[in-house]
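> Could you look at this predicted model? Sequence included:
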Amino acid sequence: MNELPRVTPESVGISSHSLLEMLQRLEKCGTEPHGFMLSRHGKVVLECWWAPYTKDTVHICHSFGKSYVATAIGAACTDGLLSIEDRIVDLFAQDIETLAIPITENLSKLKVKHVLTMSNGMSVHATSGEHLVRNYLQTPVDQEPGTRFMYNTTGSCMLGEIVRRVTGQSVLDYMKQRVFEKIGLDCNRLHWMTFRNGLHAAPGVASCTENNLRLGLLYLQGGLWNGERIIDEQWISDATKKQMDNGSDGYGYQLWMHALPGVFRFCGGHGQDCVMSRPQDLAYAIHQAASESHDTNAVNAIFNQYLLETPLPDSLPEDPQAYAELMAYAAQRSLPSNNSQPVRAFANGWDGLYNLHSGCFHLNPELRPFGDQNVYRDFYDTEDEYVKTVSIALREDRVELVLNGTACLTARLDGKLFPHQTLCAMPAYRWECSTAVFEFNELIVDTWYFQTCFKTRMWLKRDGKMLHVTVRKERLHDDCPYIWYEAELYKAE
């Protein structure tokens, strides 16, 4: 893989001291940073991961994945296989005929460019999943395409299906040789979830931080990489301009405009971002768990202040001491541990098998952006996600909870975050970190789904042989941030 150059910040006009301040403020602004990389003039000046996260961690990207799909559209257009002016009724003519879908005036006007810019004229968000093509085509286009912005993830998935149809390959297979390998993107650290029909989902990308930065650099460099034309320059220019008014700073081709001129960004929920600035010739990528919108706003304000709002010189005098302090600080980052606690005397009697009596719960990550539908179920490789039995075993330094006889949570009592692989129903996110504390007759277990932005807290309260379980999950929804479950289990004789 062609390595990105690593240089001192001063050599490209950024102060090591200011970057140290920036990291320190980032850790105090409300977010939970996982990984960060910064480059200027195509050279990496800062990279930092908060243990247990590392540079190799394959991390959820949420809707950042839409920009991966849009890049595939750009590649297909560059190859002459597609045009953004192509009509959806022509690309899916056979499906429309088979499904006997009436071609309305608005449907006949719907083009690839409208899907790219979230302006497809639909007022209802079609269900995705393995039948997304049918669901999308059957959704009324009740307004003229191109006249109104409405965020539409299923439309983004349709872009992936368009790529599959014009190239004869899946999005991932097409992009591996066509784009990813050329820009040094590590496909071993890229996981792209598929629906049951094999289609790569638009928001289904999980990747390492450097992969996301490299995709951003491709756009910042106008579609060039090491002098080779990867994506058509005009397509990149159009993609990174305001194409639709979204009530904010504008929307391009599956990416967002920034308030500052010449700045644009790939965005995923909970702050999975890559921001590119043409005036500064600068790009940065971040993985984080910014659970609330005000956390994301605080993060963006910090980056704006230190990186985007003030013109940067071409270079600064080297500052070895400040650079050494920055490197030492970056190398020592970690997520804070929970308070440690030994097993108390009152924890005796917890060991054993408990069977579900009433209610329901499970510990799988859930994504519910549009209500009660758990979108992740479209990717499960098992349907048996609800817990029927819990086996509890207390050890000196941990609590082991085996769910349904297979999935084991190892919750450490020393408060340290140590990733374990589980049998989570989400095949892409099977690493978790759990800690536990006892509070009299209650056991509290915190679980980080290590490759995602989601955390779960589980309260287990024992009353004789009865075990009452309350589960609170974080969700991708600012105005309703939690999912709750309640259940009762009884200890087996």
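Sure thing, it's come through. Bear in mind the structure is a predicted one, so any value in this text is a computation, not a measurement.
> residues contacting residue 395?
Under the criterion of CB atoms under 8 Å, 6 or more residues apart in numbering, the contact list for residue 395 is empty. From N, CA and C alone the C-beta is placed, and that goes for glycine too.
> Count the neighbours of the nearest residue to residue 87 once chain neighbours are set aside for me.
Nearest non-adjacent residue to residue 87, counting by CB to CB, 6 or more residues apart in numbering: residue 111, 5.5 Å away. Close neighbours of residue 111, defined as other CB atoms under 10 Å, add up to 22.
> so what's residue 111 scoring on pLDDT?
You'll see residue 111 listed with a pLDDT of 98.
> so it touches residue 89, yeah?
No: shown here, residue 111 and residue 89 do not form a contact pair, counting by CB atoms under 8 Å, at 9.6 Å.
> tell me the SS of residue 69?
Three-state assignment for residue 69 (DSSP: H, G, I helix; E, B strand; the rest coil): helix.
> now the one 5 residues further on
The three-state label for residue 74, taken from three-state DSSP, comes out as helix.
> just checking, residue 70 touches residue 163?
No: Residue 70 lies out of contact with residue 163 (CB under 8 Å); the separation is 10.0 Å.
> Let me know the helix or strand that residue 235 is in.
helix 233-239 (DSSP states H and E).
> Give the buried residues for that helix.
235, 236, 238, 239 (16 or more other CB atoms under 10 Å).
> which helices and strands sit right next to the helix or strand following that helix?
Following helix 233-239 in sequence order, the next helix or strand is strand 256-257 (DSSP H and E). The contact analysis (3 or more CB pairs under 8 Å, 6 or more residues apart in numbering; DSSP states H and E) places strand 256-257 against strand 263-268.
> what's the pLDDT at the residue nearest to the spatial centre of the chain?
Centrality entry for the chain: nearest residue to the mean C-alpha point is residue 61, 1.9 Å, by CA atoms, centre = their mean. Residue 61 carries a pLDDT value of 96.
> Pretty sure it sits against residue 270.
No: in this structure, residue 61 is not within contact of residue 270 by CB under 8 Å, at 10.0 Å.
> which residues are in contact with both of these two?
If you check residue 61 and residue 270 against CB under 8 Å, 6+ apart, no residue is contacted by both.
> first to last residue in stretch 360-380, what's the distance?
Length of stretch 360-380, first residue to last, CA to CA, to the nearest Å: 18 Å.
> what's the answer for stretch 82-100, then?
Per CA to CA, the first residue of stretch 82-100 is 25 Å away from its last.
> I'd like the average pLDDT over that stretch.
Confidence for stretch 82-100, expressed as mean pLDDT, is 97.
> Other residues contacting it?
Under CB under 8 Å, 6+ apart, the answer for stretch 82-100 is 73, 76-77, 101, 103, 107-113, 115-116, 133-134, 137-138, 158, 162-163, 165-166, 238.
> and if you look at stretch 253-262?
Outside stretch 253-262, the residues that reach it (CB under 8 Å, 6+ apart) are 66-67, 69-70, 73-74, 116-117, 156, 159, 202, 238-243, 246, 248-251, 263-267, 275, 277-279, 304, 308-309.
> And the buried ones among the residues you listed, selectable in PyMOL?
If you want just the buried ones from the contacts of stretch 253-262 in PyMOL, going by 16+ other CB under 10 Å, the selection is:
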select buried, resi 66+67+69+70+73+74+116+117+156+159+202+238+239+240+243+246+250+251+263+264+265+266+267+275+277+278+304+308
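> Flag the shaky bits of the stretch 1-150 of the chain, pLDDT-wise.
By pLDDT under 70, the weakly predicted segments of the stretch 1-150 of the chain are 1.
> how about the strands in it?
Per DSSP state E, counting those that start in this stretch, the stretch 1-150 of the chain carries strands over the ranges 33-40, 43-49, 59-60.
> what's the angle between the first one and strand 43-49?
I take that to be strand 33-40. Strand 33-40 and strand 43-49 are oriented at 170 degrees to each other (axes from the mean of the first three to the mean of the last three CA atoms, to 10 degrees).
> Tell me which strands strand 33-40 pairs with, and in which orientation.
Sheet pairing here is set by DSSP bridges, and for strand 33-40 it gives strand 43-49 (antiparallel), strand 282-288 (antiparallel).
> Could you dump these into JSON lines and include mean neighbour count?
Shown next, in JSON lines, are the strands paired with strand 33-40 (neighbours: other CB atoms under 10 Å):
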{"stretch": "strand 43-49", "mean neighbour count": "21"}
{"stretch": "strand 282-288", "mean neighbour count": "26"}
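> Same list (the ones you listed) but as a markdown table, adding distance to residue 34.
Below are the strands paired with strand 33-40 laid out as a markdown table (distance: least, CB to CB, whole Å):
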| stretch | distance to residue 34 |
| --- | --- |
| strand 43-49 | 7 |
| strand 282-288 | 4 |
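> wait, which of those strands is closest to residue 468?
Residue 468 lies closest to strand 282-288 among those, at 33.7 Å (CB to CB).
> what's downstream of the closest one, the next helix or strand?
Once the chain leaves strand 282-288, the next helix or strand it forms, by DSSP H and E, is helix 293-303.
> neighbouring contacts of that following helix?
22, 25-26, 29-31, 270-271, 275, 284, 286, 288, 290, 478.
> Then stretch 470-481?
62, 269-270, 291-293, 361-363, 365-369, 453-459, 461, 482-487.
> among the residues you listed, which ones are buried?
Buried, going by 16+ other CB under 10 Å: 62, 269-270, 291, 361-363, 365-369, 453-456, 458, 461, 483, 485, 487, out of the contacts of stretch 470-481.
> which ones among those are found in helices?
The helices, defined by DSSP state H, take in nothing from those.
> Next, the buried residues of stretch 217-234.
The neighbour-count check on stretch 217-234 (16+ other CB under 10 Å) flags 217, 218, 219, 220, 221, 222, 223, 224, 225, 230, 231, 232 as buried.
> and the second one, what does it touch?
To tie it back to what came earlier, the one meant is residue 218. Residue 218 neighbours (CB under 8 Å, 6+ apart): 71, 179, 183, 224, 225, 230, 231.
> Please identify which helix or strand holds it.
Going by DSSP H and E, residue 218 is in helix 209-220.
> I'd like to check the angle between that helix and strand 263-268, please.
140 degrees.
> average pLDDT across helix 209-220?
Averaged over helix 209-220, pLDDT sits at 98.
> Now do the helix or strand just after it: distance to the chain's middle.
Sequence-wise, the next helix or strand downstream of helix 209-220 (DSSP H and E) is strand 224-225. Remark: strand 224-225 is offset 25 Å from the chain centroid, using CA atoms, centre = their mean, to the nearest Å.
> if you average pLDDT over strand 224-225, what comes out?
Regarding strand 224-225, the rounded mean pLDDT is 98.
> elements contacting that strand?
Judged by 3+ CB pairs under 8 Å, 6+ apart, the packing partners of strand 224-225 are helix 209-220.
> any weak-confidence spans in the stretch 151-300 of the chain?
If you take pLDDT under 70 as the line, the stretch 151-300 of the chain has these spans: 292.
> Now with 80, please.
Low-confidence segments of the stretch 151-300 of the chain (pLDDT under 80): 291-294.
> Alright, that wraps it up for me.
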